[in-house]
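In: the following comprises the amino acid sequence and a computationally predicted model.
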Amino acid sequence: MARNHVSATVNGDQVEFLCETGQTLLDVLRDELRLTGTKEGCGTGDCGACSVMVDGRLVCSCLMLAVEAEGKAIQTIEGMSAGEALHPLQRKFVEHAALQCGICTPGILIAARALLARNPDPSEAEVRFWLAGNLCRCTGYHKIVDAVLDAAREMRGA
Amino acid sequence: MRYEAPNTLEQAIALLSGANGRARVLAGGTDLLIQMRSGRTDPELLVDIKAIPELTTLAAEVGGYRVGAAITCMELIENAAFALAWPGIVDGVKYIGSIQVKGRATMGGNLCNASPAADSVPALIAAGALVCIAGPQGRREVPIEAFVAGPGKTTLAGGELVASFLLPRRSPRSGDAYLRFTPRTEMDIAVVGAAVNLTLDNKGVCSHARVSLGAVAARALLVPEAGAALIGTRIDAAALAKLAAAASAACKPIDDKRGTKEFRIKVAGVMARRAAAIAMERAGRHS
C-alpha cells in the first residue's frame, strides 16, 4: 500500500502526515491529527457535517483525499474561537440554542462563517440556500438561521 | 492504490495509458470518492489533473471561451464575465450539489460521470459546446451530445481524458437558460432538465435556437425539432407550444422513484417552454 507524505497547514499550524491514498482529509483530521471537531455524518457529501475550508474554499472533507491537501491551508472548527473567546457565530448559536445533539454544528459554523465572509448582510433566504448542504436532524433550522442572522448583525455592528 | 498529480497533460496521458485500464482521473472527486467508498470502483492509480495549468484555466478563445475541465463549479459561478456570457450554463452548474460540493466538483467530472441527469450537460449541448479530449493519439474535439454513450459510459478511449470545453463566439441578442424539475429546490437530482440557447435578430425574430433535455433518456438529448420550432418566429405562444410538443415527443424516459414516464414527458415540454422564455428575456438584455 502506497503511503504519501503530505505537508499542509491546519488552522495556521504547519503539519506533516503520512496517509494512504484512499484516506480522506476527514479521516486524517480526525484519526491522525486528532482534530475531532470535524464530524462524519454521511460520508457522501450530502450532510455537510465534515465541512472545512481549504485555501479559502468551503468543502466537504469527506469528499477530498488527504493526499490532495499537499501545500493547502486548511481551517477547521478548532481554529474558530480566539482561545477562550468564542467567535460571534459560536456565541449566537449558544444564545439561540441553535444546536441539540451538536453533530452538525461544527460544519454549520464553518459554512456560516464562509457565507458571512462573502456576504456580511445575507437575507434569510440567502442563509437557507447557502446552508442547504448542511443537514440538521434536530433543530428544524429556524434557530440556526436566526443565530446566523443575529451574528451577522452583530458582526456588521448594526 | 497510487496517487499522481502530474503538471502536464502529456504526463497525465502517459500515466493513464500505462495503467491497463486500472487508473481513474481525479478532478473534483465528488463522484469518484463515493464510488471508491462504495466499492463500485477500485482503481490502482489515481491521476489528479488539478495540477495541470491548462485544465484549471478559463480564458477567452476565438471570441468564445475555453473552459478547463478541472475548474471548480464555484470558480465558474464567481466569474462575472462568464456568467454574463453563458448564464444558462451557470444555471446548470449552480444545481450541482451544495456549496461544499461545488467547491470541489467540476464540469469535466459532471460530463464524465455520465449521469443522464447531469445538470451542466444540457446547457453545454444547447450552447453548441465542444469537448476537447486529449489522449495518446493527440487531441480531438467532439460535440458534447456525442460524448456520452449511456448511463455511466463515455466514448473516451484508453488513455484519453477530457481537457477542456470550447464555447463558441456569442452573437448579439443571444441568451440561454437551464431549468430542472425537482421536488426540492437544492440538493436534489433532476427529474427533468431543459436547456434553451437562442439568438434573436434585430427585429426580435429568433434566428438560432438549440434545445437540449436531461433525465428523459439514457443520455442528455439534443432536440433539433424543438429548436426548429422557435427559429423564424418571435417566440410567441404558438411557437412555444410547438417547442413544448417537440420536446415532449423527443423523450424516451424511464419510470423510477423520481418520476413516471408520463410525468417526465409532460414536464419536459413545460420546462423547455419556461427555459425558452428566460433565454429570450436574457437575449433581449444583450442587444
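Out: Cool, the structure landed.

In: in stretch B:267-279, which residues are buried?
Out: B:Val267, B:Ala268, B:Gly269, B:Val270, B:Met271, B:Ala272, B:Arg273, B:Arg274, B:Ala275, B:Ala276, B:Ile278, B:Ala279 (16 or more other CB atoms under 10 Å in any protein chain shown). To be clear about C-beta, it is placed using only N, CA and C from the backbone, and glycine gets the same treatment.

In: close to chain B: what parts of chain A are there?
Out: A:1-2, A:4, A:20-22, A:24, A:43-46, A:48, A:51, A:54, A:57-60, A:62-65, A:67-68, A:70, A:111, A:114, A:129-130, A:132-134 (CB under 8 Å from any CB of the partner chain).

In: give me that answer again for 6 Å
Out: Taking CB under 6 Å from any CB of the partner chain as the measure of proximity, chain A contacts chain B at A:2, A:4, A:21-22, A:44-45, A:48, A:51, A:57-60, A:63, A:67, A:130, A:132-133.

In: so what touches stretch A:126-136?
Out: With contact meaning CB atoms under 6 Å, 6 or more residues apart in numbering or on different chains, stretch A:126-136 is reached by A:47-48, A:104, A:107-108, A:111, A:115, A:145, A:148, B:98-100, B:186-187.

In: how about TSV for those, with secondary structure added?
Out: Output for the contacts of stretch A:126-136, formatted as TSV (DSSP: H, G, I helix; E, B strand; the rest coil):
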residue	secondary structure
A:Cys47	coil
A:Gly48	coil
A:Cys104	coil
A:Gly107	helix
A:Ile108	helix
A:Ala111	helix
A:Leu115	helix
A:Val145	helix
A:Val148	helix
B:Ser98	coil
B:Ile99	helix
B:Gln100	helix
B:Glu186	coil
B:Met187	coil
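
In: residue ranges for the helices of chain A, please.
Out: A:25-27, A:88-95, A:105-118, A:124-130, A:142-156 (DSSP state H).

In: before we move on, what about the stretch 51-200 of chain B?
Out: B:73-78, B:80-85, B:87-94, B:99-102, B:107-112, B:120-127 (DSSP state H, counting those that start in this stretch).

In: format those helices as JSON lines; extra columns: mean pLDDT and distance to chain A.
Out: Output for the helices of the stretch 51-200 of chain B, formatted as JSON lines (pLDDT from 0 to 100; distance: least, CB to the nearest CB, whole Å):
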{"stretch": "helix B:73-78", "mean pLDDT": "97", "distance to chain A": "7"}
{"stretch": "helix B:80-85", "mean pLDDT": "95", "distance to chain A": "14"}
{"stretch": "helix B:87-94", "mean pLDDT": "98", "distance to chain A": "10"}
{"stretch": "helix B:99-102", "mean pLDDT": "98", "distance to chain A": "4"}
{"stretch": "helix B:107-112", "mean pLDDT": "98", "distance to chain A": "11"}
{"stretch": "helix B:120-127", "mean pLDDT": "98", "distance to chain A": "17"}
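
In: surely A:Gln100 meets A:Tyr141?
Out: No. Taking contacts as CB atoms under 6 Å, A:Gln100 lies outside contact range of A:Tyr141: 11.8 Å.

In: and for the residue of chain A found nearest chain B, the neighbour number?
Out: Using CB to the nearest CB, A:Gly133 is the residue of chain A that sits closest to chain B, at 2.2 Å. Around A:Gly133 sit 25 other residues, with neighbours defined as other CB atoms under 10 Å in any protein chain shown.

In: low pLDDT regions in chain A?
Out: Judged by pLDDT under 70, chain A has its weakly predicted residues at A:1.

In: so what are the domain limits for it?
Out: A:3-79, A:88-156 (automatic domain parsing).

In: how about the ones you listed in JSON lines, adding distance to B:Leu200?
Out: Below are the domains of chain A laid out as JSON lines (distance: least, CB to CB, whole Å):
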{"stretch": "domain A:3-79", "distance to B:Leu200": "38"}
{"stretch": "domain A:88-156", "distance to B:Leu200": "31"}
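
In: B:Ala226 is nearest to which of those domains?
Out: domain A:88-156 (30.4 Å; CB to CB).

In: excluding chain neighbours, what is closest to A:Leu63?
Out: A:Gly45 (4.5 Å; CB to CB, 6 or more residues apart in numbering or on different chains).

In: what about that neighbour, distance to B:Gly28?
Out: Per CB to CB, to the nearest Å, A:Gly45 is found 10 Å from B:Gly28.

In: what do you get for B:Leu16?
Out: Separation of B:Leu16 from B:Gly28 (CB to CB) stands at 18 Å.

In: between these two, tell me which one has more neighbours.
Out: Taking other CB under 10 Å, B:Leu16 and B:Gly28 do not tie; B:Gly28 has more neighbours (28 against 25).

In: contacts only, for the more buried one.
Out: B:Arg104, B:Ala105, B:Thr106, B:Gly109.

In: mind checking pLDDT for it?
Out: For B:Gly28, the pLDDT comes out at 98.

In: how about the secondary structure of it?
Out: coil.

In: one more: B:Asn20?
Out: Secondary structure, three-state DSSP: B:Asn20 is coil.

In: count of neighbours near the residue in the stretch 1-150 of chain B that chain A sits nearest to?
Out: In the stretch 1-150 of chain B, the residue found nearest to chain A is B:Ser98; the distance is 2.2 Å by CB to the nearest CB. Neighbour count of B:Ser98, defined by other CB under 10 Å: 27.

In: same check, this time on the one 3 residues further on
Out: If you count neighbours by other CB under 10 Å, B:Val101 ends up with 24.

In: tell me, what residue is most central in chain B?
Out: The centroid of chain B falls nearest to B:Val121 when counting by CA atoms, centre = their mean (2.0 Å).

In: quick check: that residue touching B:Leu222?
Out: No. With contact defined as CB under 6 Å, B:Val121 and B:Leu222 do not form a contacting pair (10.6 Å).

In: what comes up buried for stretch A:144-158?
Out: Neighbour count says stretch A:144-158 has A:Ile144, A:Val145, A:Asp146, A:Ala147, A:Val148, A:Leu149, A:Asp150, A:Ala151, A:Ala152, A:Met155 buried, by 16+ other CB under 10 Å.
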